[in-house]
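Chemist: Curious how this folds, go ahead:
(one chain, ligands or ions: 2)
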Amino acid sequence: MSDAERPTDDHVPGDEEFEPIQVFPEAEEMDLRPGADNCYKCSTCDTNCPVAEVDDEFPGPKFQGPEQWRLKRQDDHDIDDSVMKCSNCMRCDSACPSEVPLSQMHNTARAEYVDENMSKLSREYLRNRILANYRRLAPLGAMFPRTANFVMGLSVTKWMGEKLLGITSERDFPEFATETFREWWTKRGGAKVQSEEKRIAYFHGCYSNYNTPEVAKALVRVYEYFGYEVMVPEQACSGTPMFANGMLEDARRAAETNVRELAAAIEDGADIVAGCSSCSMSLRQEYPELFDFDGTETVAENTWDAIEYLRVHEDLEGELEGTSVGDEFDDFAYHAPCHSRNQGLDGQTLEVLDAIDGVDAHDVGDSCSGISGTYGWKAENYETSMKIGEEMFDHMEDADARTGLTECPTCSMQMEHGTGYEITHTLEVLEAALVGPDPSAK
Ligand code: SF4
Ligand code: SF4
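Modeler: Ligands and ions are numbered 1, 2, ... in the order given. Predicted coordinates:
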């Protein structure tokens with residue numbers, strides 16, 4: 001479309017009148033005008049938004065991004081509270097043909113809304129702060145995992161969570177592992193393989209550390225199988241739940257730690273690898289969009305998804321030829337998380353698993369799972385979250401497989417909740433095929 005044909009917005013002042021708005025005073029470089037001006041109102045983002053599809057009251061990504069930005073510039077409008085209904089799935093980002101930085105606009109708008117319009121004494125703020133800072137609370141649960149799991153599993157705990165905080169009582173809280181990944185790593189004595197040429201720094205994230213250390217152990221064993229030295233640097237939460245809840249200062253603190261530690265690992269010759277699609281998304285896209293610490297770009301450029309890295313740097317499929325995983329673990333219903341799609345990784349798992357003898361992996365379609373991190377944990381979003389997930393649940397049931405498969409921890413919660421399937425991570429399938437069970441690792 002030529003400039004002459006492109007619809008104009010009479011309300012947007014010309015260049016001579018332009019004054020950038022600093023949503024974050026610290027971020028001198030943040031200027032979203034070029035992105036807003038690129039929007040030619042095609043509404044493709046709106047038709048790809050899973051929340052707008054089922055919730056008639058949600059105005060959609062075009063409003064949350066370019067339109068809200070324009071309104072804000074014209075007459076100092078308050079940010080509309082509907083921005084808190086965006087689940088941060090980021091599907092609109094990849095759908096936009098004009099590269100409008102929609103999620104960057106949503107993240108900045110959400111932060112401004114929380115800073116300026118949300119009471120810090122409200123139940124919503126307290127609940128969102130708790131959900132966004134799982135990394136701060138999880139160590140308490142991990143200290144007494146059996147007691148924590150018992151208490152969190154009681155109906156009265158769930159009832160109180162909903163009544164007092166607005167956390168839905170419909171879902172089961174994820175269980176804490178009896179030994180965290182980092183405890184296991186220390187007990188094991190760290191890396192079993194040393195190599196200056198092949199070295200990765202593992203960003204395990206919160207969930208693999210506190211809840212599913214079997215996924216993190218699988219990554220270590222698979223990478224060591226390929227001769228990599230695995231480093232496990234100090235790390236904070238990736239920030240994903242903080243972005244989604246407008247807690248930008250919390251995210252900034254976490255990102256500063258992560259960038260410092262991961263940049264140091266890169267200096268030591270490592271590439272950064274993450275097993276959770278939302279963590280890799282955050283390091284690769286959200287950090288450089290929102291922060292400018294020394295090393296932010298370097299970390300983004302050197303971060304990889306764990307499966308993607310092996311496909312690019314090793315002959316992963318060739319290595320899997322002729323392997324098998326046993327009859328009980330060879331039939332999967334696979335859901336590609338939205339944050340994998342956003343990184344262009346949605347097809348890779350099925351291609352990789354196809355190389356393993358006897359494995360049958362069914363793609364359950366391209367819909368969003370609906371939970372989107374903390375979004376589906378909020379009582380007011382539960383019904384919408386389940387409506388969004390319906391298409392995936394139906395496809396999973398039609399697949400009639402033995403096990404659900406995905407690379408996102410909260411998608412796995414939704415898959416299990418909506419269908420009763422047991423869910424596993426692709427790294428665990430690779431571990432079973434390449435390395436086999438290791439009783440000492442469990
Ligand atoms: S898809 Fe992009 S260009 Fe189209 S309306 Fe949305 S933001 Fe604007
Ligand atoms: S991030 Fe997801 S929920 Fe939010 S506006 Fe974009 S598509 Fe909709």
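Chemist: Tell me where the model's unsure across this structure.
Modeler: 1-35, 75-76, 438-442 (pLDDT under 70).
Chemist: Hmm, T419 is touching T403, no?
Modeler: No. T419 lies out of contact with T403 (CB atoms under 8 Å); the separation is 11.1 Å. (Glycine included, C-beta is placed from N, CA and C.)
Chemist: E297 - nearest residue in space that isn't next to it in sequence?
Modeler: P288 (5.7 Å; CB to CB, 6 or more residues apart in numbering).
Chemist: What's the separation between the one you found and R73?
Modeler: Taking CB to CB, to the nearest Å as the measure, P288 and R73 are separated by 24 Å.
Chemist: Please apply the same query to V232.
Modeler: From V232 to R73 the distance is 45 Å (CB to CB).
Chemist: quick one, what contacts the residue of the stretch 51-200 of the chain found nearest ligand 1?
Modeler: The minimum distance from the stretch 51-200 of the chain to ligand 1, using CB to the nearest ligand atom, falls at C96 (3.3 Å). Counting by CB atoms under 8 Å, 6 or more residues apart in numbering, C96 makes contact with 39, 44-45, 102.
Chemist: for N258, same thing?
Modeler: Neighbouring residues of N258 by CB under 8 Å, 6+ apart: 203, 235-236, 238-239, 283, 287, 299.
Chemist: just so I have it, where are all the strands in this protein?
Modeler: Under the criterion DSSP state E, the chain contains strands at 199-203, 229-231, 271-274, 303-305, 331-334, 360-363, 403-406, 422-425.
Chemist: Nearest to T147, out of those strands?
Modeler: When the strands of the chain are compared by CB to CB, strand 422-425 sits nearest T147, at 24.7 Å.
Chemist: So which elements touch the closest one?
Modeler: Other helices and strands packing on strand 422-425, by 3 or more CB pairs under 8 Å, 6 or more residues apart in numbering; DSSP states H and E, are strand 403-406, helix 409-419.
Chemist: any chance of these in JSON lines, plus mean neighbour count and distance to D268?
Modeler: Output for those, formatted as JSON lines (neighbours: other CB atoms under 10 Å; distance: least, CB to CB, whole Å):
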{"stretch": "strand 403-406", "mean neighbour count": "24", "distance to D268": "32"}
{"stretch": "helix 409-419", "mean neighbour count": "23", "distance to D268": "28"}
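Chemist: which one of the ones you listed lies closest to V220?
Modeler: helix 409-419 (17.6 Å).
Chemist: Give me the distance from that closest one to the chain's centre.
Modeler: Between the centre of helix 409-419 and the centre of its chain there are 14 Å (CA atoms, centre = their mean, to the nearest Å).
Chemist: That one and ligand 2 in contact?
Modeler: No. Contact of helix 409-419 with ligand 2 (CB under 6 Å from any ligand atom) is absent, the minimum separation being 13.9 Å.
Chemist: Report all helices and strands that that helix contacts.
Modeler: Packing contacts for helix 409-419, counted by 3+ CB pairs under 8 Å, 6+ apart, involve helix 205-210, helix 382-399, strand 403-406, strand 422-425.
Chemist: contacting residues around it?
Modeler: For helix 409-419, contacts defined as CB under 8 Å, 6+ apart pick out 170-172, 174, 205, 207-208, 211-212, 276, 278, 333, 335, 337, 369-374, 376, 385-386, 389-390, 392-393, 396-397, 404, 406, 421-423, 425.
Chemist: Those also near ligand 2: which ones?
Modeler: Within the contacts of helix 409-419, nothing lies near ligand 2 by CB under 6 Å from any ligand atom.
Chemist: Please spell out the PyMOL selection for the buried subset of those residues.
Modeler: Of the contacts of helix 409-419, the buried ones can be selected in PyMOL as follows, counting by 16 or more other CB atoms under 10 Å:
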select buried, resi 171+174+205+207+208+211+212+276+278+333+335+337+369+370+371+372+373+374+376+385+386+389+392+393+396+404+406+421+423+425
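Chemist: Can you name the residue of the stretch 151-300 of the chain nearest to ligand 2?
Modeler: Proximity to ligand 2, evaluated over the stretch 151-300 of the chain using CB to the nearest ligand atom, is greatest for A244 at 9.0 Å.
Chemist: Could you report the neighbour count for the nearest residue to that residue once chain neighbours are set aside?
Modeler: Distances taken as CB to CB, 6+ apart put N88 closest to A244, at 4.0 Å, once the chain neighbours are dropped. Per other CB atoms under 10 Å, the neighbour tally for N88 reads 24.
Chemist: Let me see the contact set for the closest residue in space to P145 that isn't next to it in sequence.
Modeler: Nearest residue to P145 in three dimensions, chain neighbours excluded: F176, at 3.9 Å (CB to CB, 6+ apart). By CB under 8 Å, 6+ apart, F176 lies in contact with 138, 141-142, 145, 148-149, 210-211.
Chemist: Which pair in these has the greatest spatial separation?
Modeler: Pairwise over the contacts of F176, using CB to CB, the maximum falls at A138 and N149, 12.4 Å.
Chemist: Looking at the two, which has the bigger crowd around it?
Modeler: A138 (20 against 16).
Chemist: pretty sure that one contacts A236?
Modeler: No. Using CB under 8 Å, A138 makes no contact with A236, being 12.0 Å away.
Chemist: how about the residues of this protein near ligand 1?
Modeler: When proximity is defined as CB under 6 Å from any ligand atom, the chain approaches ligand 1 at 39-45, 62, 65-66, 95-96, 98, 100, 102.
Chemist: neighbours around L430, how many?
Modeler: Neighbour tally, L430, other CB under 10 Å: 28.
Chemist: Just give the closest residue to it, not the sequence neighbours.
Modeler: Closest to L430 by CB to CB, 6+ apart is V222, at 5.0 Å.
Chemist: For E319, see how far away that neighbour is.
Modeler: Separation of V222 from E319 (CB to CB) stands at 10 Å.
Chemist: Now do the shared contacts for the two.
Modeler: Residues touching both V222 and E319 (CB under 8 Å, 6+ apart) are L434.
Chemist: and these two? which has more neighbours close in?
Modeler: Using other CB under 10 Å as the criterion, V222 and E319 rank with V222 on top: 26 against 17.
Chemist: Report the buried residues of stretch 345-361.
Modeler: Buried residues in stretch 345-361, counted by 16+ other CB under 10 Å: 345-346, 348-350, 352-353, 355-356, 359, 361.
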